[in-house]
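Asks: below are the sequence and a predicted model for it; my questions follow.
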Amino acid sequence: MAGENRTVDINHIRNIGISAHIDSGKTTLSERILFYTAKIHSIHEVKGKDQVGATMDFMELEREKGITIQSAATYCMWKDYNINLIDTPGHVDFTVEVERALRVLDGAVLVLCSVAGVQSQSITVDRQMKRYKVPRICFVNKMDRAGANPFRGVQMLRDKLSHNAHLITYPIGAEDQFKGVVDLVTMKAFYFDGDNGEKIREEEIPSDIADKVKEARESLVAALGDFDEVIAEKYLEGQEPTVEEMRKAIRTATLSLNFTPVMVGSAYKNKGVQLLLDAVGYYLPGPMERKNIALDQKNAEAEVELDSSVDSKKPFVGLAFKLEDGRFGQLTYMRLYQGTVKKGDFILNATRDKRVRIPRIVRMHADEMNDVESGRAGDIVAMFGVDCASGDTFTSEDIRYTMTSMFVPDAVISLAVAPKERAGETNFSKALNRFSKEDPTLRVHRDEESAQTIISGMGELHLEIYCERMKREYNCEVVVGQPQVAFRETIMKKGEFNYTHKKQSGGSGQFGKVVGYIEPLPADSVVKFEFVNDITGGSIPREYIPGCEKGFIEAVKTGRLIGFPIVGVRVVINDGAYHDVDSSEQAFRTASLMAFRQAYELASPTVLEPIMKLETRAPEEFQGTVMGQINQRRGMILDSGSQEAYAVINAEVPLSEMFGYSTDLRSATQGKGEFTMEFSKYSPVPRNVQEDMVKKYQEKKAKEQK
């Protein structure tokens, strides 16, 4: 086993992820891939009656809930390709698992359900793929389901995601008549016989669909002409391109990120998966075809392009993208980008400047591990005994490179948690320490005022899963407080300040005067706070400016309305005064803090709340009830439509109104309604709601002061 990957040419390594909306069949597809590549010898379903559960959903909780919570890594051989595969969760609460996988992968398979097409989470996953410039193949799954329509899926890819999407396989039948697929490259029909679709039968194209297949092929050739001159020429001359020419053109087009090949199939019915595996080899990039950049810390963060060629003698560079607490201690998943690394080597954690030795290297197959002696550029391996946090860069000891980490979204919801028994306190802190290291979207802090431990995350399910894991994995039951939404404060207009801080108490006093204004940042600004020094003529000496900035930074940490952080503010200081003896950095820090508060009152302060993008699906007869429920929760309905007797309603709803929604929805729709929700933006709360919030906050403060 240790040598399995050594013989594979680096051009034949594929690091791919499978991503999609929840319930599109990602884990079922991964299971079939493992079966056809002989990594497993029998197929288990996600919610299997056999009680075994899918290989890639190896956590007990995942099997119970029938969802993927952690991304699972495995590797397999298909023909002469070595595929490192990561199955990622579809639920928006576990979005960081998708972020961290896409950060280190070279290509991806975007799975769509043939009935629902592009759903809300498909849009999120697509945005993540674009963020990391990951080329992808789209697999339209569940062709056996009633209402299956892959052509609508292709149209939605074009309309909703702006993809230049074209079928490269064509379905033979649909729903319960789905028999197989036509490969538009070889123009042959493929059927999948045997109990598990393992026997592939190649036939001529059925005559009843021959015209439609010809039309689809022409459309594909015309689209490829934009990326390949040979194809363009042949198309104009009415000649047929060869299979090799077609494959080369599809590969070029896919790698350009301006073309998405679309395949059809049914993972559950074992049809079309082997052709998808072929396509992964033909059309997705190898490690050498992706440009990977590191920043040289010894050279003012100059960009360095990493070299993943096999014979490269360049120093080792790897990125730790996922941590897991295994049976033998912390397991660190690492993508290797340059050079080689062997068991027993010393490497440097460049992010934390710590030297570590590698005691053991393994390759993961879900939760099984196989020891290997070394890893090289292009590999995804896991290491034991390497202490780090998610997103740390590791290098050889003679260089200081760091790689950009993954994008980590802000938390939108918080809970106060405490161990039920005093005896569980040690395990409680151990668990939180481990979980927050593993998952950058789980934040843990202590609220000094209430002396409570607060955990913040991406949604109710996200935090619920961690509370459940504490109970199961650490034998520590927790008591959970009321959910707390992550509100923010901001200003609506300009507010000026002119503040003098003066204190005399024997000996040297304190003196600092700051003059300027605060104003709202543009709505599309990525920064949340900006400090501008407009002082001319030295009215505040340069050495006191950092003190001013610190004072303003401290001021925005806690808003005056409801005590939440202030965002979207630019502070400009343009004048002031100092005293030769009494001025100090501390004096200017205090002056700035008080000046901000003075201006804040004048700048129309307002409370912002997180608004969620909500997609609700329910049978059409319940459409009116569901819309009524959304309106009651201060929701704004954006659009509604219907798909196969189901109403699909898209809305924006404040997170604070969404607690308990799943129970209400189920009871109003006889358990048939379902919804997905993700963070969209921050918006001002209505005036009457703000007044209530401010009043409650003032009462709470008054109580604490007593």
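Replies: Cool, got the structure.
Asks: got the residue ranges for the strands in the stretch 451-600 of the chain?
Replies: 452-457, 478-480, 484-485, 488-491, 495-503, 510-520, 529-533, 569-577 (DSSP state E, counting those that start in this stretch).
Asks: which one of these has the poorest average confidence?
Replies: Mean pLDDT is lowest for strand 484-485 out of the strands of the stretch 451-600 of the chain, coming in at a mean of 84.
Asks: which residues are contacting that one?
Replies: For strand 484-485, contacts defined as C-beta atoms under 8 Å, 6 or more residues apart in numbering pick out 412, 413, 414, 415, 416, 454, 609, 610, 655, 656. All C-beta atoms are positioned from the backbone trio N, CA, C, and that covers glycine.
Asks: so which of the strands of the stretch 451-600 of the chain is nearest residue 229?
Replies: strand 529-533 (48.9 Å; C-beta to C-beta).
Asks: same for the closest one, what does it pack against?
Replies: Packed against strand 529-533 by the contact rule (3 or more C-beta pairs under 8 Å, 6 or more residues apart in numbering; DSSP states H and E) you find helix 545-557, strand 569-577.
Asks: of all the ones you listed, which one is nearest residue 218?
Replies: strand 569-577 (55.7 Å).
Asks: and that closest one, what other elements does it pack with?
Replies: If you count contacts as 3+ C-beta pairs under 8 Å, 6+ apart, strand 569-577 packs onto strand 510-520, strand 529-533, helix 545-557, helix 585-602.
Asks: returning to that earlier point: which one of the helices and strands packed on strand 529-533 lies nearest to residue 231?
Replies: strand 569-577 (52.3 Å).
Asks: in that closest one, what counts as buried?
Replies: Neighbour counts over strand 569-577 (16 or more other C-beta atoms under 10 Å) mark 569, 570, 571, 572, 573, 576 as buried.
Asks: now swap in stretch 648-661 and tell me
Replies: Buried-residue list, stretch 648-661, by 16+ other C-beta under 10 Å: 648, 649, 651, 652, 653, 654, 655, 656, 657, 658, 661.
Asks: surely the second one and residue 622 touch.
Replies: No: checked against C-beta atoms under 8 Å, the pair residue 649 and residue 622 is beyond contact range at 10.3 Å.
Asks: for this structure, where's the lowest mean pLDDT among helices and strands?
Replies: Here the helix or strand of the chain ranked lowest by mean pLDDT, DSSP states H and E is helix 60-65, holding a mean of 60.
Asks: past it, which element shows up next along the chain?
Replies: Reading on from helix 60-65 to the C-terminus, the next helix or strand found by DSSP states H and E is strand 72-78.
Asks: related to what we said a few turns ago, let's have the helices and strands packed on strand 569-577 in TSV, adding mean neighbour count.
Replies: What follows is the helices and strands packed on strand 569-577, written out as TSV (neighbours: other C-beta atoms under 10 Å):
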stretch	mean neighbour count
strand 510-520	22
strand 529-533	16
helix 545-557	19
helix 585-602	21
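Asks: now these as JSON lines including distance to residue 352?
Replies: Shown next, in JSON lines, are the helices and strands packed on strand 569-577 (distance: least, C-beta to C-beta, whole Å):
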{"stretch": "strand 510-520", "distance to residue 352": "36"}
{"stretch": "strand 529-533", "distance to residue 352": "27"}
{"stretch": "helix 545-557", "distance to residue 352": "25"}
{"stretch": "helix 585-602", "distance to residue 352": "29"}
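Asks: quick one, which of the ones you listed is nearest to residue 132?
Replies: strand 529-533 (27.2 Å).
Asks: pull the CA atoms of that closest one into CSV?
Replies: Output of strand 529-533 as CSV, limited to C-alpha atoms (Å, rounded to 0.1, in the frame of the first residue of the first chain):
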residue,chain,number,x,y,z
PHE,A,529,-13.4,50.2,10.6
GLU,A,530,-11.0,52.8,9.0
PHE,A,531,-8.8,55.3,10.8
VAL,A,532,-7.6,58.3,8.8
ASN,A,533,-4.9,60.7,10.1
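Asks: hey, what's the angle from it to helix 585-602? Just curious.
Replies: Angle of strand 529-533 versus helix 585-602, following axes from the mean of the first three to the mean of the last three C-alpha atoms, to 10 degrees, is 120 degrees.
Asks: what score does residue 143 have for pLDDT?
Replies: 94.
Asks: element containing it?
Replies: With DSSP H and E as the test, residue 143 turns up in no helix or strand.
Asks: quick one, what contacts it?
Replies: Neighbours of residue 143 in contact, by C-beta under 8 Å, 6+ apart: 114, 150, 171, 174, 175, 178, 264, 265, 266, 269, 271, 272.
Asks: show me which of these are buried.
Replies: Using 16+ other C-beta under 10 Å, the buried members of those are 114, 150, 171, 174, 178, 264, 265, 266, 269, 271, 272.
Asks: what about the last one, distance to residue 266?
Replies: If I follow you right, that is residue 272. Plainly put, residue 272 is 7 Å away from residue 266 if you go by C-beta to C-beta, to the nearest Å.
Asks: and what of the first one?
Replies: Using C-beta to C-beta, one obtains 8 Å as the distance from residue 114 to residue 266.
Asks: shared neighbours, those two?
Replies: 141, 142, 143.
Asks: mind putting those residues in a markdown table, distance to residue 203 included?
Replies: A markdown table is the format used below for the shared contacts of residue 114 and residue 266 (distance: C-beta to C-beta, whole Å):
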| residue | distance to residue 203 |
| --- | --- |
| 141 | 23 |
| 142 | 24 |
| 143 | 18 |
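Asks: any idea which element the residue nearest in space to the middle of the chain lies in?
Replies: Centroid-nearest residue in the chain, with C-alpha atoms, centre = their mean: residue 99, separated by 3.2 Å. Using DSSP H and E, residue 99 falls within helix 95-104.
Asks: after that helix, which helix or strand is next? Please name it.
Replies: That would be, after helix 95-104 and using DSSP H and E, strand 107-113.
Asks: which SS state does residue 627 fall under?
Replies: Per DSSP: H, G, I helix; E, B strand; the rest coil, the secondary structure class of residue 627 is helix.
Asks: surely it meets residue 649?
Replies: Yes: applying C-beta under 8 Å as the test, residue 627 and residue 649 come out as touching, 6.3 Å apart.
Asks: anything in contact with each of these two?
Replies: Common contacts of residue 627 and residue 649, defined by C-beta under 8 Å, 6+ apart, comprise 637, 640.
Asks: for residue 289, what are its contacts?
Replies: Residue 289 sits next to 106, 255 when contact means C-beta under 8 Å, 6+ apart.
Asks: correction: the previous question concerned residue 675.
Replies: Per C-beta under 8 Å, 6+ apart, neighbours of residue 675: 614, 615, 616, 617, 661, 662, 665.
Asks: I'd like those residues written out as a markdown table, with distance to residue 473, pLDDT and secondary structure added.
Replies: Shown next, in a markdown table, are the contacts of residue 675 (distance: C-beta to C-beta, whole Å; pLDDT from 0 to 100; DSSP: H, G, I helix; E, B strand; the rest coil):
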| residue | distance to residue 473 | pLDDT | secondary structure |
| --- | --- | --- | --- |
| 614 | 32 | 90 | strand |
| 615 | 32 | 89 | strand |
| 616 | 33 | 91 | strand |
| 617 | 33 | 87 | strand |
| 661 | 29 | 86 | helix |
| 662 | 25 | 79 | helix |
| 665 | 31 | 88 | helix |
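Asks: I'd like the residues you listed as a markdown table, with distance to residue 632 appended.
Replies: Listed next are these as a markdown table, based on distance: C-beta to C-beta, whole Å:
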| residue | distance to residue 632 |
| --- | --- |
| 614 | 13 |
| 615 | 18 |
| 616 | 13 |
| 617 | 19 |
| 661 | 10 |
| 662 | 15 |
| 665 | 12 |
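Asks: now the residues you listed: which count as buried?
Replies: Listed as buried from these are 614, 615, 616, 617, 661, 665; burial here means 16+ other C-beta under 10 Å.
Asks: what separation do you get for residue 516 and residue 578?
Replies: Between residue 516 and residue 578 the distance is 15 Å, computed by C-beta to C-beta.
Asks: if I look at residue 545, what pLDDT would I see?
Replies: For residue 545, pLDDT reads 93.
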